[in-house]
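# structure of the sequence below:
(4 chains)
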Number of protein chains: 2
Amino acid sequence: MAEATATGSTPARVTTPRRANDRDLVDSLVTVLQERINAGEIPAGSWLRQEALAKELGVSRMPVREALRELQARGSVELIANRGARVRLPSTRDIIEVYELHGLLQGHAGEAAAELITSQQLDRLAAAEELFRQSVEDLRAADDDTTTAQRHWHEANTEFHTVIIEAGGNKHLAEMYDNLHHKVPRNLTWIALGNDVRRLEKDAAEHAGILDAIGRGDPAATRALLTEHVKRASDLLVRTVDEIGQDSPPRRR
Amino acid sequence: MAEATATGSTPARVTTPRRANDRDLVDSLVTVLQERINAGEIPAGSWLRQEALAKELGVSRMPVREALRELQARGSVELIANRGARVRLPSTRDIIEVYELHGLLQGHAGEAAAELITSQQLDRLAAAEELFRQSVEDLRAADDDTTTAQRHWHEANTEFHTVIIEAGGNKHLAEMYDNLHHKVPRNLTWIALGNDVRRLEKDAAEHAGILDAIGRGDPAATRALLTEHVKRASDLLVRTVDEIGQDSPPRRR
DNA sequence: ACGACGTAGACTGGATCCATGATGGCCGAG
DNA sequence: CTCGGCCATCATGGATCCAGTCTACGTCGT
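Model (predicted):
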């Protein structure tokens, strides 16, 4: 009954879904939809109506269909025969499994990165670490509105781990890593940190430790620290999700 | 000029592309095309013409288009704007990277499998090992036609590693593992073994060792052996591909 | 004879149309 | 009053149609 439909309030286009300026139209649709899903703009479990999306984005149903097909291949939505596409909502088990792979990939890439990393990439890591500290300051200063802190932390976290993956040098691993975020949205982690300055500081400290290990060129330590780091984040997230899962809508029905 | 077109000689359907018997029509098309690509039936680098495929498979262009879109998301083909889809040919670097991930995932899953595996799964591993031995016998007996040996070995290898992944219990890891085979066809490994009884025996022995480690419930050994095993296969494959890459068409142009 | 421009062909990509399948409500019977 | 079946409605999935674009070939000019 109260099925949320994705036909949100945003009538205007987000980036430039219309017109195949740079590349393919379908690709841009995929990007837009993926971002909306990741941002939680389109709630998990809601149906994606082809016609509604088409009208909203100013295209016909055709490219939407192909975009949905690709999103299915990514694992972001599930296509039910003759019913339509719905946003997959990750279960607790999904989160656990995905983060396990997260840690595995990060650890592996980090081990290689400790030996392969360039000075530019090291600089980027240092900048990210700085941004982590900034985020802590933001949260301390913020009274109620924590969006700035969240944005900074999110940027820093994305950059940090992306650089490590890149520095590892395995393109296919990078691709896999990206795919993971299609299954469990990136911004979830922030929920676990839950506006808690203590936790955020701890998180920042762990990142600093990892950066240090990479800077020393210590592969084993880098792997261990990264694996630990992700594991900790996972445990925290799972605990948090379980808690809010009591009253929030983790599973309507 | 001599662009190989995928419109092969097989007019009949392979399994049942037409009719959505079990599930979706597009899905079955994806499966069929994927298998053909993996089997080398559709040569790497060749164009996939929508109309030709549609006619051959007895459907309209539409489901073919969506199937190609999904194959792109998988990484099996690349879509070039207004040009069409072409089968991606893995480079040596691709092979190295993919096999590196292969080993990583196998090792990780194997470590968990050593503790989680069920007796049924152990039976399946044992059966696979038996099939490996059968394959060796086949190759010894075969004078010229090694297809039986290859088929048995391929079945055994697929089953063996699939069971380990399954036994690891991480569904998302299993999915990732499957995706790897979309980037580098599974049957490639056979090329490396190259009808060499000695190598095949060594390969079988390694599998036996892994099975033994799992049977003992030794996670560390299982991981180590699996990683080693895949690494060895990778090195061998790369060397072989490099060799035949001299006269074969690894890169026309 | 060689190179550049123009044109024709072919293929992809988007739009519209139609049939099929599923769902939810309504009505009737037990 | 409740359960089961039938029907209307709606959305998907496939087919056909049309326009845009890229390529390749041929011709013309130098």
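
# helix or strand right after the helix or strand harbouring A:Trp190?
Per DSSP states H and E, A:Trp190 falls inside helix A:188-193. Proceeding N to C from helix A:188-193, the next assigned helix or strand is helix A:197-216, under DSSP H and E.

# now do the next helix or strand after that next one: which elements does it pack against?
Using DSSP H and E, the helix or strand that directly follows helix A:197-216 along the chain is helix A:219-244. Applying 3 or more Cβ pairs under 8 Å, 6 or more residues apart in numbering or on different chains; DSSP states H and E, one finds that helix A:219-244 makes contact with helix A:92-116, helix A:188-193, helix A:197-216. C-beta here means a position set from N, CA and C on the backbone, and glycine is covered the same way.

# just the mean pLDDT for the last one, thanks.
For helix A:197-216, mean pLDDT rounds to 96.

# now do it: distance to the chain's middle.
Centroid separation for helix A:197-216 versus its chain: 20 Å, with Cα atoms, centre = their mean, to the nearest Å.

# what does the stretch 1-150 of chain A put close to DNA strand D?
Within the stretch 1-150 of chain A, the positions near DNA strand D by Cβ under 7 Å from any atom of the strand are A:47-51, A:61-62, A:65, A:79, A:81-85.

# can you go through those and name the buried ones?
A:Trp47, A:Leu48, A:Arg49, A:Gln50, A:Arg65, A:Leu79, A:Ala85 (16 or more other Cβ atoms under 10 Å in any protein chain shown).

# so which of those residues are in strands?
Among these, DSSP state E puts A:Trp47, A:Leu48, A:Leu79, A:Ala85 in strands.

# distance check, the first one against A:Val30.
Just to be clear, that refers to A:Trp47. Going from A:Trp47 to A:Val30 by Cβ to Cβ, to the nearest Å gives 18 Å.

# around DNA strand C, which positions in the stretch 1-150 of chain A sit nearby?
A:1, A:20, A:24-26, A:59-63, A:66, A:81-83.

# those: which two are farthest apart?
By the measure Cβ to Cβ, A:Met1 and A:Ala20 form the most distant pair in those, at 39.0 Å.

# report the closest residue of the stretch 1-150 of chain A relative to chain B.
A:Ala73 (3.6 Å; Cβ to the nearest Cβ).

# got a list of what that residue touches?
B:Arg69, B:Glu70, B:Ala73, B:Arg74 (Cβ atoms under 8 Å, 6 or more residues apart in numbering or on different chains).

# returning to what we had before: Throw the residues of the stretch 1-150 of chain A next to DNA strand C into a markdown table and include pLDDT, distance to B:Leu193 and secondary structure, thanks.
What follows is these, written out as a markdown table (pLDDT from 0 to 100; distance: Cβ to Cβ, whole Å; DSSP: H, G, I helix; E, B strand; the rest coil):
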| residue | pLDDT | distance to B:Leu193 | secondary structure |
| --- | --- | --- | --- |
| A:Met1 | 35 | 59 | coil |
| A:Ala20 | 35 | 46 | coil |
| A:Asp24 | 82 | 40 | coil |
| A:Leu25 | 91 | 45 | helix |
| A:Val26 | 93 | 41 | helix |
| A:Val59 | 94 | 50 | coil |
| A:Ser60 | 94 | 51 | coil |
| A:Arg61 | 95 | 49 | helix |
| A:Met62 | 95 | 46 | helix |
| A:Pro63 | 94 | 45 | helix |
| A:Glu66 | 95 | 40 | helix |
| A:Ala81 | 90 | 41 | coil |
| A:Asn82 | 91 | 45 | coil |
| A:Arg83 | 92 | 46 | coil |
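
# out of those, who's near chain B?
A:Ala20, A:Asp24, A:Val26, A:Glu66, A:Ala81 (Cβ under 8 Å from any Cβ of the partner chain).

# buried ones from the residues you listed, can you make that a PyMOL selection?
This is how PyMOL selects the buried members of those, with burial counted by 16+ other Cβ under 10 Å:
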select buried, chain A and resi 24+26+66
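
# let me see the domain layout of chain A.
The record's domain parsing of chain A by automatic domain parsing lists A:25-87, A:92-244.

# now the end-to-end length of the shortest one.
Across its full length, domain A:25-87 reaches 21 Å between end residues, using Cα to Cα, to the nearest Å.
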